[in-house]
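> fold the following, please.
(one chain, ligands or ions: 1)
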Amino acid sequence: MDKINIYKINQWKNKKFKFAAITAYDFSFSKLFSDYGIPIILVGDSLGMVIQGNNSTLNVTLENMKYHTKAVRKGAPNKFIISDLPFMTFMNKHQALKNSCLLIKSGANMIKLEGNIRIKKIIKYLSKKSILTCCHLGLKPQNIHKEGQYKIYGNSIKDKKNIIQEAIILEKSGANMILLECVSNNISKIITKKLKIPVIGIGSGKHTDGQILVMHDMLGINKEKKHKFVKIFLKKNISLKESIKNYIKEVKLGKFPSKKHTFF
Ligand code: KIV
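This is a model prediction of the structure:
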């Protein structure tokens, strides 16, 4: 089977072929998602919450990320794996490069960094060193204390201008992908149209090039914490395989996310 790489993902954007991505943290789920056709797997620092049981992502370490990235890579040797740089592990360009390399050696194809235009110099530097980067904009869980709450982005005029500008500047700085979390539908539509690089969304409407869900949300493992943008695909009388296939199909056909799962 052909390996998934950034050129393929860029082609999907150009051909308007919508793709599904998901988080995974271990070998077994990574293998399942890979075998059933998910092309992009994120080893997210959400593991602090869904694996370690913390109430934020702030305690995740680089060692944690290396450990889980290695396991996920073993389950999905041909898929495109993105790994998060955790909180305070990219304080300057040198630290960002050193830690990105460690994640790449653990099996990642691309490194995801939460941030805004303040990380543009880091993105530029990583790009010069041939590291693929994904910039995570909108709701940024690593900023929880600064923001005070998890909120939707793009409703105020200021938010709207800021986030569109951020995405454009980060693309110019060399970012290879943008992930938008909880960004209102019309803003993520504008960003996806304006950028040449692929845009993946979570809680950001149906217009992004790809969609991503945290696997525990998609499988309904965290029922008591269900967010508006989440759809549980694993249902009574539906197998794990069918639920993953349905997720891929609904994203491809533009059926998920529906209006019910979108912030306007
Ligand atoms: O860490 C993570 O799992 C993420 C997703 C919410 C996209 O960043």
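
> in the stretch 1-150 of the chain, what residue lies closest to the ligand?
residue 44 (2.2 Å; CB to the nearest ligand atom). (C-beta placed from N, C-alpha, C; glycine too.)

> in the sheet, who's paired with the spatially closest residue to that residue that is not a sequence neighbour?
Among residues not flanking residue 44 along the chain, residue 23 sits closest, at 4.5 Å (CB to CB, 6 or more residues apart in numbering). Residue 23 forms beta bridges with residue 42, as assigned by DSSP bridges.

> pLDDT value on residue 23, please?
Here the pLDDT value assigned to residue 23 is 98.

> and if you look at the one 10 residues further on?
Here the pLDDT value assigned to residue 33 is 98.

> quick revisit: quick one, what contacts the residue nearest to residue 44?
41, 42, 43, 44, 46, 212, 213, 214, 215 (CB atoms under 8 Å, 6 or more residues apart in numbering).

> how about 10 Å then?
29-30, 33, 41-47, 50, 68, 72, 82, 84, 202, 212-218 (CB atoms under 10 Å, 6 or more residues apart in numbering).

> residue closest to the middle of the chain?
Per CA atoms, centre = their mean, the C-alpha nearest to the average position across the chain is that of residue 179, at 5.3 Å.

> pretty sure that one belongs to a strand, no?
Yes - when classified by DSSP: H, G, I helix; E, B strand; the rest coil, residue 179 is found to be part of a strand.

> ok, it touching residue 192?
No - under the criterion of CB atoms under 10 Å, residue 179 makes no contact with residue 192, lying 11.8 Å away.

> between these two, which contacts overlap?
198, 199, 200, 201, 204, 208, 210.

> now tabulate these in CSV and tack on distance to the ligand.
Listed next are those as CSV, based on distance: CB to the nearest ligand atom, whole Å:
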residue, distance to the ligand
198, 14
199, 13
200, 8
201, 9
204, 10
208, 12
210, 11
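
> if you rank these by neighbours, which is first?
Greatest neighbour count in the shared contacts of residue 179 and residue 192, by other CB atoms under 10 Å, goes to residue 204: 33 neighbours.

> that older thread, pLDDT for the shared contacts of residue 179 and residue 192 - can I get that in JSON lines?
Listed next are these as JSON lines, based on pLDDT from 0 to 100:
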{"residue": "198", "pLDDT": "98"}
{"residue": "199", "pLDDT": "98"}
{"residue": "200", "pLDDT": "98"}
{"residue": "201", "pLDDT": "98"}
{"residue": "204", "pLDDT": "96"}
{"residue": "208", "pLDDT": "98"}
{"residue": "210", "pLDDT": "98"}
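
> select the longest helix from this structure.
If you go by DSSP state H, the chain has its longest helix at helix 157-173.

> other SSEs contacting it?
Counting contacts by 3 or more CB pairs under 10 Å, 6 or more residues apart in numbering; DSSP states H and E, helix 157-173 is packed against helix 120-128, strand 132-138, strand 177-181, helix 185-194.

> in JSON lines: these, plus mean pLDDT and distance to residue 261.
Below are these laid out as JSON lines (pLDDT from 0 to 100; distance: least, CB to CB, whole Å):
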{"stretch": "helix 120-128", "mean pLDDT": "98", "distance to residue 261": "30"}
{"stretch": "strand 132-138", "mean pLDDT": "97", "distance to residue 261": "15"}
{"stretch": "strand 177-181", "mean pLDDT": "97", "distance to residue 261": "14"}
{"stretch": "helix 185-194", "mean pLDDT": "96", "distance to residue 261": "10"}
